[in-house]
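Colleague: Dropping a prediction and its sequence here:
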2 protein chains.
Amino acid sequence: MVVKHSHKECTSSLQAVRDALDVVSGKWKLQIIISITTGNHRFREIQRSIPNISSKVLAKELKDLEEHELIKRTVYDDSPVLVEYTILPYADTLDDVIKALYDWGIQHRKKILKK
Amino acid sequence: MVVKHSHKECTSSLQAVRDALDVVSGKWKLQIIISITTGNHRFREIQRSIPNISSKVLAKELKDLEEHELIKRTVYDDSPVLVEYTILPYADTLDDVIKALYDWGIQHRKKILKK
DNA sequence: CATATTGGTAACTTTAAGGTAACTGATTAC
DNA sequence: GTAATCAGTTACCTTAAAGTTACCAATATG
């Protein structure tokens, strides 16, 4: 466990874990990151690439990701306005987190299913 | 990112990430694991150690954790019935996940706050 | 005898996330 | 001239998770 220490130490470190989970969990965030990473940069492009996501939810999630500095929103003020979303280098810092989750998820599914 | 590969590969690996998040995310799961790890083994003990958790939620979360084989529920059939919850060794396999989340959470909070 | 503790369960209410549909105003395509 | 596309916003509705309250039967405590 994160802790062989005191309960207090443990619970205080929970905030950090929760912060990370905020960014990474939820139904859409990783899908959106993947979509942009794989070449979709316009709002409607991203939306079309992710089955069943609504404009409303996509708009909100994009805002969240932008606040967390994982993606960048650039407005090119031609007419009609053009908006582009790109992945920021900071998003790469999530690699370890995602890899850890992925690895554990894979082995866990094997373990639970083989019973 | 997890992926420099195709969109399809990415999205397929999402299930593993989601599996892991199911186990680790949520308001209570880690708090309960911590509580048991630090010496609370009885239902009411655990409940008292975690502020504001209701019997209902605790009972449900304990069942989840048991299904995932992270904890063990043992009933000693004395009268009155005694129930004991203990951490299984399998819970230790979560260490890497929690550490990755923790590390990222710490640095992320620093980064967002110093702005 | 009354009250508290044990490990929960049942019924009900609240909250939050997400879904649905319609709409914007400017521009292009048919 | 009608419809579609762009990037969203708004108001409303549904659903699931979580919280609230009360309760159980057995035992121990004062």
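Modeller: Everything's here; your move.

Colleague: from here on, contacts and neighbour counts on C-alpha atoms
Modeller: OK.

Colleague: interface residues of chain A facing DNA strand C?
Modeller: A:26-28, A:52-57, A:79-80 (CA under 7 Å from any atom of the strand).

Colleague: PyMOL command for the buried members of those?
Modeller: To isolate the buried subset of the residues of chain A next to DNA strand C in PyMOL, counting by 16 or more other CA atoms under 10 Å in any protein chain shown, use the following:
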select buried, chain A and resi 28+53
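
Colleague: what's the closest of the residues of chain A next to DNA strand C to A:P89?
Modeller: A:W28 (19.8 Å; CA to CA).

Colleague: contacting residues for that closest one?
Modeller: A:E61 (CA atoms under 8 Å, 6 or more residues apart in numbering or on different chains).

Colleague: any idea how far it is from chain B?
Modeller: 10 Å (CA to the nearest CA, to the nearest Å).

Colleague: And A:K63, by the same measure?
Modeller: Taking CA to the nearest CA, one finds A:K63 at 15 Å from chain B.

Colleague: Tell me where chain A has strands.
Modeller: A:71-76, A:82-87 (DSSP state E).

Colleague: The first one: which residues count as buried?
Modeller: Looking back up the chat, that one is strand A:71-76. A:71-73.

Colleague: and of those residues, the nearest to B:R48?
Modeller: Closest to B:R48, out of all of the buried residues of strand A:71-76 and judged by CA to CA, is A:I71, at 41.8 Å.

Colleague: Let me see the contact set for the residue nearest to that closest one when sequence neighbours are not counted.
Modeller: Excluding the flanking residues, the one nearest A:I71 by CA to CA, 6 or more residues apart in numbering or on different chains is A:I87, at 4.4 Å. Counting by CA under 8 Å, 6+ apart, A:I87 makes contact with A:33, A:36-37, A:70-72.

Colleague: how far does stretch A:81-100 stretch from start to finish?
Modeller: Length of stretch A:81-100, first residue to last, CA to CA, to the nearest Å: 40 Å.

Colleague: That stretch: how far from the chain's middle?
Modeller: 8 Å (CA atoms, centre = their mean, to the nearest Å).

Colleague: ok, back up a step: out of the contacts of A:I87, which comes closest to A:D103?
Modeller: Nearest to A:D103 among the contacts of A:I87, with distances taken as CA to CA, is A:I33, at 18.9 Å.

Colleague: count of neighbours near that closest one?
Modeller: Per other CA atoms under 10 Å in any protein chain shown, the neighbour tally for A:I33 reads 20.

Colleague: gap between the closest residue to it other than its chain neighbours and A:L70?
Modeller: Nearest in space to A:I33, with sequence neighbours left out and distances taken as CA to CA, 6+ apart, is A:I87 at 7.4 Å. Noted for A:I87: a distance of 6 Å to A:L70, by CA to CA.

Colleague: What of A:L113?
Modeller: 35 Å.

Colleague: Report the spatially nearest residue to A:R42, omitting neighbours in sequence.
Modeller: Per CA to CA, 6+ apart, closest to A:R42 is A:E84, 5.2 Å.
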